[in-house]
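*Asks:* Quick check, what structure comes out for this input:
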Amino acid sequence: MARSAAKSIKRKRKIKILATLGPASNTEEMIAKLVRAGADAFRVNMSHGDHETHASTIAAIRKVEKSLDRPLAILCDLQGPKLRVGEFEGGEAFIRHGAHFTLDRNPEPGDDTRVQLPHPELFGILEKGQRLLIDDGKLRLKVIRAEPDALLCTAEVGGPISNRKGVNVPDTLVPVPALTEKDRRDLAFAVQQDADWIGLSFVQRPEDVAEARKLMGGYGALMAKIEKPSAVHSLDEIIELSDGIMVARGDLGVELNPEEVPPLQKRIVESVRAAGKPVVVATQMLESMIERPTPTRAEVSDVANAVYDGADAVMLSAETAAGDWPVEAVTIMDRIAVQVENDKTYGERIRIAQTPPDATTADALSQACASIADTLPIEGIITFTGSGITARRVARERPAAPMLVLTPSQRTARRLALLWGAHAVSTRDIGSFEEMIAKGKRMALRHGFGDAGSRLIALAGVPFGVPGSTNLLHVVTLSGNELAQHDG
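*Replies:* Next comes the predicted model:
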């Protein structure tokens, strides 16, 4: 039963799908439907719900993982330091276009002319001419006079405003830590729940990543979310300190001009790919499917562009967490990805990004794998890895053949559910070259990587079990006898 289940959900694409769970999708039954529809990993949004609900969701994911015999990655996404205005008399107000509006420290309810800004650190850094964007940029204020206790602004774009709406400050580095007290509690919970990935929101500087990594204590992998323009200025350092990167286009699109986001997305994806780490493109990919069973043509093109860029994964947010059509959203994203990857120009497009190998044996062999897969009809690349480093270096080359990743570590197998082209299987370790070849062939047949006469590449390190020792590449051919033994 386990064998057929594993083989039946082998993906026909290399990019992965990360689906956010919420009220519309956090039951065991729905999670299983999402996996069968195409979801490879799940995001638990710590901005909503309590630890009891999240623990129940994580337990449901693990039950589905066991029943389907497929490693599933869990990303616990921290809320981060969200800036918000205070409250209004009657819960709402209206800021007239071109009118003056004051943000101050007065805790009394606001009105059409003022409201509290309960973030004292902002009063010391904001200056005349700087912007404040409220409610995801729906309202735009410009500072015309900055005082110690008040910011007098003019409304460049007015409109309705209500309690606790978010505030973005795009023109300056905000002196707030990336981890609030809530985030610290949520991080401790995620580590205790053995989450595979931790999403760090509103990263502004490399020090934010270093602090989170220290608190993680070596557990889980850290995914820094790029959603602040200030983070882009330190992109290389943030990539170096992280295990993966998410292009979180929500707040990034608020604080930048809309036309700046697409080229920046491509730049981030290219930079992360060059570092050999997973990169996820997220936010509003199929937003209309929150309420509709089909996406817009523009949304389809958006997903397709992320696939053509060679991203490791694409993410669904409210579409699967709270939408009316969660399974359909995953299904259409899967169909778009498959269609794009079957495009004859796909292989050329994803290699437009330059990923020159480092001067290491592992990178040289990884590049050789891609070259061999271009030259010969290769059904799969079998990588044996404990840490996942070998698989990441091979994926960095974006080879034509998919990867069958064999690892003795269940944690590694789960984390690799977000890696491009990787079909990870947790299995017992190997101790010799002969055992490597025999097991590689057997697992390839079991998981649908070829048939009699199929060629495969095996990549590993000798001595076995030593991290970072990748030094062996071997091309093997599956025989009819092996197929008969497998069927028997």
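
*Asks:* Tell me where the stretch 301-450 of the chain has helices.
*Replies:* For the stretch 301-450 of the chain, the helices defined by DSSP state H, counting those that start in this stretch cover 318-321, 326-341, 346-350, 361-375, 389-396, 410-415, 433-446.

*Asks:* Let me see the contact set for residue 283.
*Replies:* 248-250, 253, 315, 317 (C-beta atoms under 8 Å, 6 or more residues apart in numbering). Any C-beta I mention is one placed from the backbone N, CA and C, and that applies to glycine too.

*Asks:* no, scratch that, I was asking about residue 337
*Replies:* 13, 15, 17, 303, 307, 314.

*Asks:* Next, give me the two most distant ones among the contacts of residue 283.
*Replies:* 253 and 315 (14.6 Å; C-beta to C-beta).

*Asks:* Show me which residues of the helix or strand hosting residue 64 are buried.
*Replies:* Using DSSP states H and E, residue 64 sits within helix 51-68. Within helix 51-68, the residues that count as buried by 16 or more other C-beta atoms under 10 Å are 54, 57-58, 60-62, 64-65, 68.

*Asks:* that older thread, give me the more crowded residue out of residue 253 and residue 315.
*Replies:* Between residue 253 and residue 315, residue 315 has the larger neighbour count (other C-beta atoms under 10 Å), namely 28 against 20.

*Asks:* May I have the beta-bridge partners of the residue nearest to the more buried one when sequence neighbours are not counted?
*Replies:* Excluding its sequence neighbours, the residue lying closest to residue 315 (C-beta to C-beta, 6 or more residues apart in numbering) is residue 282, at 3.8 Å. Counting by DSSP bridges, residue 282 forms beta bridges with residue 248.

*Asks:* quick one: pLDDT of residue 282?
*Replies:* Listed pLDDT for residue 282 reads 97.

*Asks:* nearest spatial neighbour of residue 171, skipping sequence neighbours?
*Replies:* residue 130 (4.4 Å).

*Asks:* how many other residues sit next to that neighbour?
*Replies:* Around residue 130 there are 17 residues (other C-beta under 10 Å).

*Asks:* gap between it and residue 169?
*Replies:* In this view, residue 130 and residue 169 are 7 Å apart by C-beta to C-beta, to the nearest Å.

*Asks:* Residue 221 now?
*Replies:* 30 Å.

*Asks:* out of those two, which sits in the more crowded spot?
*Replies:* Neighbour count, other C-beta under 10 Å: between residue 221 and residue 169, residue 221 has more, with 23 against 19.

*Asks:* show me what contacts that one?
*Replies:* 196-198, 243-244, 415.

*Asks:* again, only using 6 Å
*Replies:* Going by C-beta atoms under 6 Å, 6 or more residues apart in numbering, residue 221 touches 197, 243, 415.

*Asks:* would CSV of those residues with neighbour count and pLDDT be doable?
*Replies:* Compiled in CSV, the contacts of residue 221 are given as follows (neighbours: other C-beta atoms under 10 Å; pLDDT from 0 to 100):
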residue, neighbour count, pLDDT
197, 26, 98
243, 20, 98
415, 28, 98
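
*Asks:* any chance of those in TSV, plus distance to residue 207?
*Replies:* As requested, those are exported to TSV (distance: C-beta to C-beta, whole Å):
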residue	distance to residue 207
197	21
243	17
415	24
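
*Asks:* Chain neighbours aside, what residue packs nearest to residue 341?
*Replies:* residue 13 (5.1 Å).

*Asks:* and the one you found, that's in a helix?
*Replies:* No - assignment of residue 13 by DSSP: H, G, I helix; E, B strand; the rest coil gives coil, placing it outside any helix.

*Asks:* any idea of the pLDDT on residue 480?
*Replies:* pLDDT, residue 480: 63.

*Asks:* ok, the spatially most central residue of the chain - contacts?
*Replies:* The geometric centre of the chain, computed from its C-alpha atoms, lies nearest to residue 280 (C-alpha atoms, centre = their mean), at 3.6 Å. Residue 280 makes contact with 246, 313, 315, according to C-beta under 6 Å, 6+ apart.

*Asks:* helix/strand/coil for the first one?
*Replies:* When you say that, I think you mean residue 246. With three-state DSSP as the criterion, residue 246 reads strand.

*Asks:* Same check on residue 106?
*Replies:* Classified using three-state DSSP, residue 106 is coil.

*Asks:* what's the answer for residue 475, then?
*Replies:* Applying three-state DSSP: residue 475 is strand.

*Asks:* burial of it, as a residue count?
*Replies:* Residue 475: 12 neighbours (other C-beta under 10 Å).

*Asks:* just residue 20 next, same as before
*Replies:* For residue 20, using other C-beta under 10 Å, the count is 26.

*Asks:* any residues touching the host helix or strand of it, and which ones?
*Replies:* Element membership of residue 20, judged by DSSP H and E, is strand 16-21. Applying C-beta under 6 Å, 6+ apart, the contact partners of strand 16-21 are 34, 38-43, 45, 57, 313, 315-317, 320-321, 330, 333, 418.

*Asks:* between it and helix 326-341, how many degrees?
*Replies:* Strand 16-21 runs at 170 degrees relative to helix 326-341, counting by axes from the mean of the first three to the mean of the last three C-alpha atoms, to 10 degrees.

*Asks:* helix or strand right after strand 16-21?
*Replies:* Strand 16-21 is succeeded, C-terminally, by helix 28-37 (DSSP H and E).

*Asks:* how big is the angle separating that following helix from helix 326-341?
*Replies:* Using the same axes, to 10 degrees: helix 28-37 against helix 326-341 is 10 degrees.

*Asks:* Just checking: what are the partner strands of the helix or strand following helix 28-37?
*Replies:* Moving toward the C-terminus from helix 28-37, the first helix or strand encountered (DSSP H and E) is strand 41-45. Here strand 41-45 has these sheet partners by DSSP bridges: strand 16-21 (parallel), strand 73-77 (parallel).

*Asks:* Pick out the least confidently modelled helix or strand of this protein, by mean pLDDT.
*Replies:* Within the chain, no helix or strand scores below helix 2-8, which has a mean of 43 by mean pLDDT, DSSP states H and E.
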